[in-house]
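*Asks:* Fold the following.
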Amino acid sequence: MEWYAVHTHVNKEVVSEINLMRQNFITYLPKYKKVITHARRKSTVIRPLFPRYLFVKIDLLKQRWTSINSTLGVNTLISMADHPVKIPYKIINKIKSYDNPEGFTEVYPCSDMRIGDEVNILEGVFSGRKAIFDGLTDDNRVSILFSLLGKELTLSMSSVGVSRY
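*Replies:* Numbers count the residues shown, from 1 in each chain. Coordinates of the predicted model:
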C-alpha cells in the first residue's frame, strides 16, 4: 500500500475523507487549529493544512482505486498518464511527526526567523520595504520594527506578510 494525493472540491476535504473511509480507504487529512479574531472576539477553527488536498493509502492491485474520482467531494486523484502519483512515506511521516496528541499539526509561524533578522514586507502599504523581525505577539502575529521618516515604529502583521531575504 502506498500514499497518494487527492484533490478535493473547495472546502470539501472532510466530506471527501468521510466518503473515502466509507469505501474502506485509509485517509490522512492534516489539520491545524487557527485562531480567528473578528469584532474583538477570538474563536478557534479547524482548517486543513493543505487546502483542497488529503492523502489516501491505496493498494493499486487489490482496491478499486478508480472509484475515488467519482467520490462525493473529490475532484480527482492526482495522476500522471492515467496512473496515480505516489507520495513517499518519508513525506507523510514527516508531516505526521508535527501532529500533537490531539491529531492536529503544530504550526509555528516564522520558525526560521530570529529576533533582529532583516525581513521583507510582502503585503500592505509597506510592501517591498525592509524591516527588522522583533518576535511574535500573543496571538501569533509577527512584530516588526520599521523605520519611517526617521522614527522607529513597531508593527504587527500576519506571518504570511513577511519573509526573510
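
*Asks:* average pLDDT across stretch 117-124?
*Replies:* The average pLDDT within stretch 117-124 is 79.

*Asks:* before we move on, what about stretch 61-79?
*Replies:* 92.

*Asks:* Mind listing residues that contact that stretch?
*Replies:* Stretch 61-79 is contacted by residues 4-9, 12-13, 15-16, 18-20, 23-25, 52, 56, 58, 84-85 when judged by CB atoms under 8 Å, 6 or more residues apart in numbering. To be clear about C-beta, it is placed using only N, CA and C from the backbone, and glycine gets the same treatment.

*Asks:* how far is the helix or strand of the chain with the lowest mean pLDDT from where the chain is centred?
*Replies:* Here the helix or strand of the chain ranked lowest by mean pLDDT, DSSP states H and E is strand 162-164, holding a mean of 71. Offset of strand 162-164 from its chain centre (CA atoms, centre = their mean, to the nearest Å): 17 Å.

*Asks:* Renumber starting at 774 from here on
*Replies:* Got it, the first residue is 774 from now on, which makes the last one we talked about strand 935-937.

*Asks:* Buried residues in it, which are they?
*Replies:* Within strand 935-937, the residues scored as buried using 16 or more other CB atoms under 10 Å are residue 935.
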